[in-house]
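Participant: Fold the following for me, if possible:
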Amino acid sequence: MKDIQSQPDYRNIPIDKVGIKNLRYPVTVRDRRDGFQQTVATINMYVDLPHNNKGTHMSRFVELLHLLRPEVSLKNFSKLLEQMKQHLHAASAHLEMTFAYFIEKKAPVSLSPGMMDYTCRIIGTSDPKGKIDLVSEVIVPISSVCPCSKEISDNGAHNQRGEVRLSTRFKKFIWLEDMIELVEASASCDVFSVLKRVDEKFVTEKAFDHPMFVEDIVRDIAQKLNADDNITWFSLSAENFESIHNHSAYASITS
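Facilitator: Next comes the predicted model:
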């Protein structure tokens, strides 16, 4: 059969990224407690396209995903990037994988167990020289109490749920759980899926004892990351979904 995509193109315009986007695919990821866990990822896969090529072979992207099975690991991620370049005759390759990651988390007083889900992402690139760049990202829900509101109010203070997004590059493998716990320890209080009355009392009082601006949150996290020799680069942001404003409060730091 005639292959239209393999025909030459005469417009002399290269394409930076061409491929597939928003493919849902079952994956198995590393789990610090249980070894592995199964989840569903949304995947973007791209390669560059030279100026003289009309198109790329889209079906090959999906076929190559089998190289990740049964486990999504940094080793397999790097292997897939190189295979994308070889099979699609490309100079560079880019892969993004976003998935829900579940951690069993016990309530602070009653110890009632519940499953917390966190949005995680792995981003990988292989450049024309074969250099692999990997970034790991977690999105962590948190709660915060406003220090200003607490200072000026006779009773209480406004508090809200927020979200911290942390991306890192590293020398050696880093567990997703380690990144999540680092973020949660830097908020007014962390978030739980199951809370009994004794737990609700605990988290409310803990949050009010540790009021934090978004500026405080990102600075505390950055301070911990700067002290970690394994972290070579990071980008982080905190967003509070304000309870008394019709907008969010936001702060970010990139190393």
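
Participant: alpha carbons only for contacts and neighbour counts from here, please
Facilitator: Noted.

Participant: contact partners of the helix or strand hosting residue 203?
Facilitator: Per DSSP states H and E, residue 203 falls inside helix 197-209. Here helix 197-209 makes contact (Cα atoms under 8 Å, 6 or more residues apart in numbering) with 107-110, 143-145, 157, 188-190.

Participant: Restrict the helix or strand just after that helix to CA atoms and write it as CSV.
Facilitator: Heading C-terminal from helix 197-209, the first helix or strand you meet, by DSSP H and E, is helix 214-226. These are the backbone C-alpha positions of helix 214-226, laid out as CSV (Å, rounded to 0.1, in the frame of the first residue of the first chain):
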residue,chain,number,x,y,z
VAL,A,214,1.9,30.8,50.1
GLU,A,215,5.2,32.7,50.3
ASP,A,216,6.0,30.8,53.5
ILE,A,217,5.1,27.4,51.9
VAL,A,218,7.3,27.7,48.8
ARG,A,219,10.2,29.2,50.9
ASP,A,220,10.1,26.3,53.4
ILE,A,221,10.0,23.7,50.6
ALA,A,222,12.8,25.4,48.7
GLN,A,223,15.0,25.6,51.8
LYS,A,224,14.7,21.8,52.2
LEU,A,225,15.4,21.1,48.6
ASN,A,226,18.4,23.4,48.6
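
Participant: Can you check what angle separates the helix or strand following helix 214-226 from helix 214-226?
Facilitator: Following helix 214-226 in sequence order, the next helix or strand is strand 231-241 (DSSP H and E). Calculated by axes from the mean of the first three to the mean of the last three Cα atoms, to 10 degrees, strand 231-241 forms an angle of 160 degrees with helix 214-226.

Participant: Tell me how far residue 123 lies from residue 96.
Facilitator: 5 Å (Cα to Cα, to the nearest Å).

Participant: Shouldn't residue 97 be within a strand?
Facilitator: Yes - assessed by DSSP: H, G, I helix; E, B strand; the rest coil, residue 97 belongs to a strand.

Participant: tally of neighbours for it?
Facilitator: Residue 97 has 23 neighbouring residues, counting by other Cα atoms under 10 Å.

Participant: beta partners for it?
Facilitator: residue 43, residue 122 (DSSP bridges).

Participant: list the contacts for it?
Facilitator: Here residue 97 is in contact with 41-44, 121-123 (Cα under 8 Å, 6+ apart).

Participant: are any of those residues buried, and which?
Facilitator: By neighbour count, with 16 or more other Cα atoms under 10 Å, these hold 41-44, 121-123 as buried.

Participant: Name the residues that touch stretch 168-188?
Facilitator: So stretch 168-188 is in contact with 31-32, 120, 134-138, 140, 142-145, 164, 166, 190, 206-212, 217, 220-221, 230-235, going by Cα under 8 Å, 6+ apart.

Participant: Any idea how far apart the tips of it sit?
Facilitator: First residue to last in stretch 168-188 (Cα to Cα) measures 23 Å.

Participant: Likewise for stretch 47-62?
Facilitator: Per Cα to Cα, the first residue of stretch 47-62 is 13 Å away from its last.

Participant: I'd like the distance from residue 167 to residue 120, if you could.
Facilitator: 10 Å.

Participant: For the contacts of helix 197-209, work out which two are farthest apart.
Facilitator: 110 and 157 (25.9 Å; Cα to Cα).

Participant: These two: who's more crowded?
Facilitator: Neighbours were counted for residue 110 and for residue 157 using other Cα under 10 Å; residue 157 has more, 16 against 13.
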